[in-house]
Each structure stands twice: as structure tokens, then as C-alpha cells.
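1. Quick one, structure for this:
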Amino acid sequence: MGETSDRATPVPPGSRVSAPNDPETNRPDHEQGRDPRADDRVTASPLAGSPAGEAGKVLGTRDSQPLDFWIAVNEEHYLQLDDVVAVPTTLPEPLPDGTRQVMHYGVVDVVQSAYEGATFHSDVFRVEEGQLPVGLSTIAHVSATRIEPEVFVPPRPGGSARRASGDDRRFALYFDRMQRRFPAGLSRDGQPVYGNLEFLDGTKGAHVNISGISGVATKTSYALFLLYGLFHGRTLANPHAAHAIVFNVKGEDLLWLDRPNARLEGAEAFAVAERQKYAALELPVQPFGSVGLWAPSKPGLEPIPDTGGRIAGVTPYFWTLREFCRDRLLRFLFADADDEASQLAYAISVMERQLETAVESSPEAPWIRIGDEKISTFDQLVQYITEDHLEAMTPHVADGTRGAFARRLHAAATAVGPLIRGAREADAREHRFDWTGKQVNVIDINRLSDRAKRFVVGVVVKRLMEEKERQGTREPLVFLVLDELNKYAPREGHSPIKDVVLDIAERGRSLGVVLVGAQQTASEIERRITANASFRVVGRLDTAEGQRDEYGFLTSQARARSALLKPGSMFLSQPDVPVPLMVQFPFPAWATRAEEAAPDPDGSDVPSVFRRAALEE
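-> Next comes the predicted model:
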């Protein structure tokens, strides 16, 4: 009874083995120098004798090291890629606290099978014919994720290895140390995978970066799944106080987030299986509960949302001439400028100051007055600047720079004109984007030109940061989902919109603004943006892209597998777990296109004007 067996309970670092009535260890945590905020569930790693079954033994024909080792897989079991394993190792002498057992946890990243006793490739045929006696061996390589206690000895050859489950798995992947965690997906065997909220909400870190080939990497779908888990799970202390701003850059898929997905209803095998995935993550199966939909206004006197399919429930947005001048938004018409030190940047700054000064003296009206001119439309403003007053408004600017300024401004007028209107404040208020009104706010920009997209993204992000700075607190959290990040924050060059996106990456954590950025190729975006992302996610990658330095957080095997990933499968890297984890996420519970949207019982599919007419009849 006095000897320590292979089934002894390993004690994590900082713990002491003592009698229940030991006055030293029964003092309050803060008196013992321990952090009282630590998860009181983390008292010991799981027993080596937990009934998980032996999957194999530590291999003796290949070197066993503390951080990686090989397992000979039992003939009656199997290990596959991404399985989590646990290996107990008994020390030859006890540690100072009496512990004699070290637990090695890790993830399987290589599995190999071969004949033992065969020499030539053609021996496989002789084995099949019964002419050559051989043995079949399967071995698996394990990359260590955790060693408890931290005694860096290698697992001993012949040591028992088991597939981790329950507390074993929770300990191996550091879930026991995540005091606040959010669902990040499911492992390939259907078990929940969690992320540490403290590295997402700004407490210890923030931001998510997602890379993958367009159309098959499901980058936006995964970003929305993360939001869904946060807003509909039990992670956030007050999920109703958190908000999200999502830019819809392709099609109109995101204009249906408030509608149930009909594919997950009914008793079909697919629907049942997907609902079970949500149940495993302890999430409901329903659309987003609070959604605001915004679309650019069509040209014309009356603001009408410029959408192709859905109009009901969509608010058209625009900015007034007065806002454009007063808030210095001119720079975002030149969001593709190349050189920070160029004369063009100086000319833009001078012109913004001139326009801001002009509207300060203008009366509150749908028009503005500059000098003796009354200007009612954006086209009139462009004409006023470029035709007669450019030289006077931009002194000390070279003629060539003025010409470049005028050409770009004329090009912008065509693209952005409908987004800037002469309107009274009272009329414009309901068309001004407000992220506080709903929990999830979708801003549609998919039908806009690239220049107009940059303008909208730049203005929205600039105002968001200004509002959060005025608040001075992290609460409420705001998640900013921005796809095609390479357009707005490219690695080379300079632009005003790149400045505001980079500002979020570097300062957003302290203000409660979390960037969930996505792009096809991380190698083409500003390095500081990816460097500040606590969570790195990879869907299917181009083979050449996957070999770039930006994906150094992936193991060599994960890089190779990234070219084969199916939609709905991602590699997730997070600070707590030293190796990337394969995660899968369920099919969206919300509609992703019009044909998936379940019928709305309240008739909100029909524009309100027609519903009123029907009621009157």
C-alpha cells in the first residue's frame, strides 16, 4: 500500500500532497500565495487507471523524447490523426512533494502502417499468397501538448498509452485552465473544442484571423459560427451587451441571418446529425436573435435599399453632405493611395480642413454653403472643387498633384455619389448606421465598386473607434467581421483605411473592439495584423501558400493537410494549446441564402407597404 503504482494521481505544479487536516494547505488561497481566481476544479490530472482502454504502448525502436514520441498501436484498437492520447510515466525516484508519476498528453499527427519482415516492395504479393510470414505494425507519432507535473522526462518504452477522453482530454487540451471558454467547434470524433475567452475579449489578448481559399474554406461561415457561440452560449457574462458588425462582401448570403435554415428542420439524417452537433456544443438551433440589416441607398430622391433579393427589414444607409465635410471623410475616397509621404496625402488633408471650416459657418440645412456657393449634391461639391476653386483651396500644392487629386475625385464621384446626399438631419437620422440598435449588424457592400467599398468600410470603422474612445471602456464588446482583408490592409503601401484597420489590431483590445479578419492569403496582408491575432484559423489553402512563413504556427503535417481540408473543417491555433487543433463546425442554423430561409410566419417576407395594403383590404 505504501508504494506508488502506475495508477497514482499526478499533482499539477504548485500543489502539495498533504493530509486533509493539514493547517498549512487548508489556509485560504491568498495566504498560501496561490491565485484565488484559479479554477478550483484543477486539483489533479486524471487517474492513470481511468477506464479508457489501452490503445498501444510507447515504441522502443524509435527515440522517445519529452515533447514527441511514437506509439505502437494495439492490433485491437486504432489511432487516427488528431486523436488525443495520455501516457503515464513512473519516475525512478519521487519528487520533493512525493509525486512519482508524470503524465504526458499529446495529439497524434502521423500514423504509419507497414509489414514487419518484408524486404522488397513486391513482398506484399507473397504475403497475400501465404508464402512469406510477416507481422503488421501500425505506429503513431504524438506531439506533446502538456506534461504534468512539468518534469521533462521522456515516456518510457513499453509505457501504456490510451486515447484521452473525459477529464483526460480536458486536461490534455488545457480546457481545465480556461475559466471562461467559448465553443470553437468539434473535434473529428465529435467532442467539443473550446477557446479561451480571455484571449478574445481583450483580457489577455484579442482578434481572430482566418485564411483560406474562397468558396471552399468557409471563412465567413466559421466567423459567424464563433459569433453564434458567443451570443447564444453561456460564455459572455452579458451576451446581450455584445455587438457585431459584419460586412457582407459577396452576394446576399448574410442578409438572411435572422431566418431559420430550412435544411436543419425535419427528420432527415442530415438535419438530425447537424442538430446533434449543436447539442454537443450546448447551443440552440435557431437563427441569430437580434439582427439589423443595412444596404446602400439606390440613386434617386427616395432612399431605397440597393439589394437584389431581400428588401423587407433592410435599412438604406447614406451620409449627408454636412457629415462628409464636418467629419473629414474625404480621405476615404482616396483609400487606394500609395505613399504616405506623397503630396497627394497633403492635398487631401488641406482640402478636408477647408471643407470642415466651410460647414461650420453653414446653417443647418440639407445643403451646405462654401463661399458664395450653395451646394446641394455631392456632384455639385466635386464640380465646385475641381473646376474653379482647386488652386485656391490647396495652396502650396504642386500642379501635378492637383491634377491627380482632381482625377481621383472625379472617379470617386461616380462610384460614391449615391452614398453622399443632401439631406436634413431629421431625415438622415434613420439612415445613419447605428451598431448599438441590434446585436448583429450586417452592412451590405457587395454591389458597390471597390472604391465605394473602401469608403464605407473606412468610414464605419473610423466612427466605431471614435465612439469607443469616447466611451473609454471595453464594454460593450464589438466584434468587427471583415472579409477580403487584403483589400483594406495590404502588406505594401499606405492608405487611410489601412491605418484604421491597423489601429484596431493594435489598440482595439483595450477599447473592446475585436477584429475577426479573413482573407485568402495571409502572406498579402499587413504583418502586424496577423501578429496581433490571438486566434489563427486556417481552412483549405493553396499548396504553395501553405508553405509560407505566415503559417509557421502549423506543423508540417498540418500544412500538408491544409490543401485537403473540406468545407467546415479548419485548423485552429490559440495561445493556450501548443499545437494546432483540427475543428469542425456544424452547418449554419441560420439561412445563408433565400432558398434556405424557412417561411416567416409573421409575413415579414413582404415589404411593409404591401402588408399594410393587405390589411386595409
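
2. From residue 118, how far out is the residue sitting furthest away from the middle of the chain?
-> Most distant from the centre of the chain: residue 131, at 56.3 Å, with distances by Cα atoms, centre = their mean. According to Cβ to Cβ, to the nearest Å, residue 131 stands 11 Å off from residue 118. The C-beta positions use only the backbone N, C-alpha and C, and glycine is treated the same way.

3. And for residue 383?
-> With Cβ to Cβ as the criterion, residue 383 and residue 118 are 83 Å apart.

4. Residue 401 now?
-> Relative to residue 118, and taking Cβ to Cβ, residue 401 is found at 75 Å.

5. Repeat that for residue 557.
-> 25 Å.

6. What of residue 229?
-> Applying Cβ to Cβ to residue 229 and residue 118 gives a distance of 49 Å.

7. Mind checking which of these two has more residues around it?
-> Using other Cβ atoms under 10 Å, the more surrounded residue of residue 229 and residue 118 is residue 229, with 23 against 16.

8. low-scoring pLDDT stretches of the chain, where are they?
-> Counting by pLDDT under 70, the chain has low-confidence residues at 1-52, 217, 336-342, 361-363, 600-617.

9. Tell me the strands beside the longest strand anywhere in it, with direction?
-> Criterion DSSP state E: the longest strand present in the chain is strand 101-116. Strands adjacent to strand 101-116 in the sheet, as given by DSSP bridges, are strand 84-90 (antiparallel), strand 135-148 (antiparallel).

10. Buried deepest among the ones you listed, which one?
-> strand 84-90 (a mean of 24; mean count of other Cβ atoms under 10 Å).

11. Just the CA trace of that one, in PDB.
-> Provided in PDB are the C-alpha atoms of strand 84-90 (Å, rounded to 0.1, in the frame of the first residue of the first chain):
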ATOM      1  CA  VAL A  84      -5.600  12.900 -28.100                       C
ATOM      2  CA  VAL A  85      -3.600  10.400 -26.100                       C
ATOM      3  CA  ALA A  86      -2.400  10.200 -22.500                       C
ATOM      4  CA  VAL A  87       0.700   8.300 -21.300                       C
ATOM      5  CA  PRO A  88       1.700   7.800 -17.600                       C
ATOM      6  CA  THR A  89       5.400   7.500 -16.800                       C
ATOM      7  CA  THR A  90       6.600   6.400 -13.300                       C
END
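
12. List the contacts of that strand.
-> Applying Cβ atoms under 8 Å, 6 or more residues apart in numbering, the contact partners of strand 84-90 are 4, 6-7, 10, 46, 48, 52, 55, 58, 69, 71, 79, 100-108, 140, 142, 145, 153-156, 159-164, 168-169, 171-173, 187.

13. so the residue nearest the centre of the chain bridges to which residues?
-> Compute the mean C-alpha point of the chain, and by Cα atoms, centre = their mean the closest residue is residue 208, 3.8 Å away. Listed beta-bridge partners, residue 208: residue 516, residue 535 (assigned using DSSP bridges).

14. dump the residue contacts of it.
-> Contacts of residue 208 by Cβ under 8 Å, 6+ apart are 200, 223, 226, 514, 515, 516, 517, 533, 534, 535, 536, 537.
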